[in-house]
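Student: Requesting a structural model of the entry that follows:
(chains A and B)
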Amino acid sequence: MQEDLARPRRFVGIGRKVSLFLLTAVFGVVGVILLVGYKQGIFVRHTKIYFHAADAFGISKGTSVRLFGLPVGSVSDLDISDRGVKVELSIISDYTPRVPKSSRARLLREGYIGAATIQLVPAAEPGQAAQPVVDGDEIEYVPARGVAEMIDDFKTQFTPVLNDLRKMIAELNQPNSDFRKSLAGANAVLQQLPETNREMRQVMRDADTTILTVGRQADATLGSLGRVSAQLEQQLPVLTGKLATTLDTISETSAQIRDTTRKNGDALYDALAQMPGLLRDSGELVRDGQDVVGAARNSWLLRDNVEIRTMHSLPVDSFEATAAGVKR
Amino acid sequence: MPSLKSSLLRAAALPLALLAGCVAPPPANPPATGEAAVIEANRRADAYLRNGDLEGAARQYREAVRLARSVEDAESIAVNVINLSIVYQRLGRADEARASLALLLERGQLPYSSERMAQAALRRSVLDLEERRTASAGEWVERAAAYCGQRGCAVSAAIQNVRGQLALESGRPDQAAASAKAALSASRTLGDRAESANALRLLGTISIRAGDAGPAAAYLGEALAIDRELASPRKIYLDLIALGRASALRGDRGAARSFYERARAVSEADRDADGATQARALIDALGDNVQARQPAPGRP
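Tutor: Now for the predicted structure:
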């Protein structure tokens, strides 16, 4: 006996509902894929151009390609060829009118360890029509200057300066140089200065003694004059009074001169006592200068930032030739 | 029905990889303008030249000329045109070297200094001399002398050396010797050691042509000493070859072979294939007879 099982009413049409649900999910996934693809630019038309580089260091698939700093594409393929590495660039076709055929590509790096990008430099040659690149065109690649090359460049420019400094310091250190002779002369003069100072003080003391002697002699003279004046008191009383006043003034002036001279001598002695110290400081200053120059030679900061920008002219040689074995 | 459901479920359960991301653009370097841009291009060319990349150097010098012309910087145009002509000559592209010099010599609408004009005319003369166009070389060297003036200029010694080479090419050794001695005197006055060595080498070559091996060896030895101090491989090669010929002239086969071997080593180290081939040929010729060691006509 076969039992007829009736399907429950709640499962009626369940297949269609599940199918509808799954189809919605599939449409959703497809929509997300299309949205991501749109964001990644797969619906944008691209133009493929390429260049040849000696090596591909720093370049990889997906490396951003920029024009005036704006991203206009990416590296789509890298392949080894007879001319080095063939680098294929995928450029958004909307930007190709801005990229003439004579454009050049160069590798830029944001700092020494930053992300690498390829910059397109639209450089039209004079007289050449600025035709935009088309699919399959080849452009020129300008290799980036390496750190070693930049260091070498700086070294080439800074070496003459260092050589000049070295020569100058060597000349300063030479026993027979003018600078050394001047220092030796100054030292000799300074060594003689204390003796000179002593002699000057002796002269001062002699002058003081002389003035005192003169004063005493003046007193004696005044005594004589007093006696004479006593004799002449009656005839010249007014004249005698004036002469005594004048001599008093002279005596005061002499005392003032003596004090002033002593003060000046002391000041001069102090100044001369400081001179050897100043000379020692000058010597230390020269040594410090040598240390600073030596440090500058090894300073990365200076070597990286100081740059002497001059035009370099190649020597015009009368024996210039294509190669050594060709002529003469 | 259950199988359809299970397949749909499996399909719906497939993992999706979503990629998103963007990178902030690095700030672009501001383009150099005016004189700074010209100097930058000139220095890039110099760097290429030091690395032996002559093509790269030529490209950068062309760029420097273009930038200098765009701002009508006469001095920069002249410097880079002359440099470009030197690089072209080293590349073996004499016609392009002449064309670059024409910017100064034939289409000079800017006030170029007489010093630069003298250099350009001298360069043109050297180019013509290399291709044995002695008449044209003579005209250009006289124009260089005219630009240089009576009081002389920085290329006075080089002008005298080119005159000497021209005289020697024309079979006038006395006049060549006089010019070489004038060049030696001028170069010593100017402190131009490269031209002093050139003058001494020329005097050595003249002596070899005259059959005087002794004076030739003395001149060439002095030239070699200077060129070694200046670290100029091509000049050292020329000196050694000429010294070998002087030794061969006086019959000293061993010394000649030694000089030629040294010349070959120098040219190989300098990647000068032609020079190495010529040195090898001279070494091989030493084994045959004395006549083979004598300087060939037209050569020192």
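Student: Mind jotting down where the helices sit in the stretch 101-250 of chain B?
Tutor: B:114-130, B:134-148, B:156-169, B:173-190, B:193-210, B:213-230, B:233-249 (DSSP state H, counting those that start in this stretch).
Student: Go through those helices and name the closest to residue A:75.
Tutor: For the helices of the stretch 101-250 of chain B, the distance to residue A:75 is smallest for helix B:233-249, at 40.1 Å, taking CB to CB. For the C-beta atoms, the positions are set from N, CA and C on the backbone; glycine is no exception.
Student: ok, then the element right after the closest one?
Tutor: helix B:253-269 (DSSP states H and E).
Student: average pLDDT across that following helix?
Tutor: Taken as a whole, helix B:253-269 has a mean pLDDT of 92.
Student: got the buried residues for that helix?
Tutor: For helix B:253-269, burial by neighbour count (16 or more other CB atoms under 10 Å in any protein chain shown) applies to B:255, B:256, B:257, B:259, B:260, B:261, B:262, B:263, B:264, B:266, B:267.
Student: Please apply the same query to stretch A:195-212.
Tutor: A:197, A:200, A:201, A:211.
Student: Number of residues surrounding residue 250?
Tutor: No chain specified, so I'll use chain A. The number of residues packed near residue A:250 is 12, by other CB atoms under 10 Å in any protein chain shown.
Student: Chain B, not that one
Tutor: For residue B:250, using other CB under 10 Å, the count is 14.
Student: give me every residue that touches it.
Tutor: Counting by CB atoms under 8 Å, 6 or more residues apart in numbering or on different chains, residue B:250 touches B:213, B:214, B:217.
Student: for the stretch 51-200 of chain A, what spans make up the strands?
Tutor: Along the stretch 51-200 of chain A, counting by DSSP state E, counting those that start in this stretch, strands occupy A:64-67, A:70-81, A:84-92, A:104-109, A:116-121, A:140-142.
Student: per-residue confidence averaged over the fourth one?
Tutor: I take that to be strand A:104-109. Mean predicted confidence for strand A:104-109 is 86.
Student: Mind listing the strands it pairs with, and their directions?
Tutor: Using DSSP bridges, the strands paired with strand A:104-109 in its sheet are strand A:116-121 (antiparallel), strand A:140-142 (parallel).
Student: Any buried residues in the last one, and which?
Tutor: Read that as strand A:140-142. For strand A:140-142, using 16+ other CB under 10 Å, the buried residues are A:141, A:142.
Student: Which residues does that strand contact?
Tutor: Against strand A:140-142 from outside (CB under 8 Å, 6+ apart): A:51, A:52, A:53, A:87, A:102, A:103, A:104, A:105, A:106, A:121.
Student: Looking at the stretch 1-150 of chain A, what residue ends up closest to chain B?
Tutor: residue A:69 (3.3 Å; CB to the nearest CB).
Student: In chain B, where is pLDDT below threshold?
Tutor: For chain B, the stretches flagged by pLDDT under 70 are B:1-33, B:108, B:288-300.
Student: ok, residue 80 - how many residues close by?
Tutor: You didn't pick a chain, so chain A it is. Neighbours of residue A:80 (other CB under 10 Å): 9.
Student: think we crossed wires, I meant chain B
Tutor: 31.
Student: Residue A:91 now?
Tutor: With other CB under 10 Å as criterion, residue A:91 counts 23.
Student: ok, now which ones touch the closest residue to it other than its chain neighbours?
Tutor: Distances taken as CB to CB, 6 or more residues apart in numbering or on different chains put residue A:73 closest to residue A:91, at 4.0 Å, once the chain neighbours are dropped. By CB under 8 Å, 6+ apart, the contact list for residue A:73 reads A:46, A:64, A:65, A:89, A:90, A:91, A:92, A:95.
Student: Throw those residues into JSON lines and include distance to residue B:124, thanks.
Tutor: Formatted as JSON lines, those follow (distance: CB to CB, whole Å):
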{"residue": "A:46", "distance to residue B:124": "49"}
{"residue": "A:64", "distance to residue B:124": "47"}
{"residue": "A:65", "distance to residue B:124": "43"}
{"residue": "A:89", "distance to residue B:124": "42"}
{"residue": "A:90", "distance to residue B:124": "48"}
{"residue": "A:91", "distance to residue B:124": "44"}
{"residue": "A:92", "distance to residue B:124": "49"}
{"residue": "A:95", "distance to residue B:124": "45"}
